[in-house]
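Q: Give the three-dimensional model of this entry:
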Amino acid sequence: MGENYSFSLTTFSPSGKLVQIEYALARVASGGTSLAVKAKDGVVLCTEKKLPSLMDVSSVEKISLVTSNIGFVYSGMGPDSRVLLRKGRKKAQKYYRTYHDPIPTAQLVKELASVMQEFTQSGGVRPFGCSLLIAGYEESGPQLYQVDPSGSYFAWKATAIGKNQNNAKTFLEKRYNDDIEIDDAINTAILTLKEGFEGEMNENNIDIGIINADRKFRVLTPTEIKDYLAELQ
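A: Below is the predicted model:
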C-alpha cells in the first residue's frame, strides 16, 4: 500500500513523508558535485562540468548570474535550474523597479524557496529536481545560502551538494576557518572538488564563480582556472 503514495505529490504517506520530494532530493544527490566556500571577503562557487568529448563546453553553464551581485550553481536537473534562473531574474527586476535598489540576497533566496515550495503542494506539477547554492555580497558582507526542492533554505559558511556531498562536507569541515580569504577559498574549493573527482581535473571540466568586495559576481575564464590548478600542482 505504501507504494501508492510514491505517485502522489500532495498526499503524505502514513510515515509522514512526501515521497516525491525524497525522489527529487535523490535526483540532486546523483547530480554532479557542487560546493561553495564563504570567505571573509567574498564567496566561491565551484562545480564539476563533465561533458561528452564532442560537446562544445562553452554551450553549458552550471554557474549562472542572477543579478550583478548574485549568482548560483546547481546540482541535479539543468532544465529545472533554468526555470528557477528565469524566475529569479524576474523577481529581482520586479524588486528593482519597485524600490530602485538591488534585491538583497536573502530576499531572493526566500522568493526562490517559495517558488520551489509551491511545487510541492500543487496538483499537476512535480518538485524541482535540483538544489541551488546562492552567493551574494552586500553591505553586511558575503552571503551564502542553499535552497532544496522542498523549499527549505539555509545559510552556510561552506557546504556541498551532489553525488559527493558527504565527503566534500567532511573535507570542508577540516579545512575551513572564518579568516579565510578569497584566493585561499578558491584553492580550498578546488582541492575539495578534487577529492572525489573521477579522472584528471582541468580548466574545461570544472566551473568556478566568485564574488568579492567589488560586489560583481563573475565566472572565471578557463585561463584563470588553469592558473589556479597550476598553483596546486
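
Q: Tell me which residues of the helix ranked longest in the chain come out buried.
A: If you go by DSSP state H, the chain has its longest helix at helix 78-99. By neighbour count on 16 or more other CB atoms under 10 Å, the buried set for helix 78-99 is 80-81, 84-85, 87-89, 91-92, 95. (Each C-beta comes from the backbone N, C-alpha and C, glycine too.)

Q: Over to stretch 173-181?
A: 176, 180.

Q: Show me what secondary structure element comes after the longest strand seen in the chain.
A: Ranked by residue count under DSSP state E, the longest strand found in the chain is strand 130-138. Sequence order places strand 141-147 as the next helix or strand after strand 130-138, per DSSP states H and E.

Q: Quick one: distance of that next one to the chain centre.
A: 10 Å (CA atoms, centre = their mean, to the nearest Å).

Q: Report the strands that pair with the helix or strand following that strand, each with its relative direction.
A: Using DSSP H and E, the helix or strand that follows strand 141-147 in sequence is strand 153-155. The strands that strand 153-155 pairs with in its sheet are strand 141-147 (antiparallel) (by DSSP bridges).

Q: what sits up against the longest helix of the chain?
A: 60, 62, 64, 66-67, 70, 72, 74, 101-103, 107-108, 111-112, 115-116, 128-130, 132 (CB atoms under 8 Å, 6 or more residues apart in numbering).

Q: quick revisit: the longest strand of the chain vs strand 141-147, what angle?
A: 170 degrees (axes from the mean of the first three to the mean of the last three CA atoms, to 10 degrees).

Q: State the mean pLDDT of strand 130-138.
A: Averaged across strand 130-138, pLDDT comes to 97.

Q: So which of the contacts of helix 78-99 are in strands?
A: Those of the contacts of helix 78-99 lying in strands (DSSP E): 64, 66-67, 70, 72, 74, 130, 132.

Q: Identify the residues contacting the residue sitting nearest the centre point of the chain.
A: The residue lying closest to the centre of the chain (CA atoms, centre = their mean) is L133, at 2.6 Å. Applying CB under 8 Å, 6+ apart, we find L133 in contact with 34-36, 45, 72-74, 144-146, 159, 161.

Q: give me the element the residue lying closest to it once chain neighbours are set aside is part of.
A: What sits nearest to L133 in space, not counting adjacent residues and going by CB to CB, 6 or more residues apart in numbering, is A36, at 4.4 Å. Using DSSP H and E, A36 sits within strand 34-39.

Q: what packs against that strand?
A: Applying 3 or more CB pairs under 8 Å, 6 or more residues apart in numbering; DSSP states H and E, one finds that strand 34-39 contacts strand 42-48, strand 70-76, strand 130-138, strand 141-147, strand 158-161, helix 165-175, helix 182-195.
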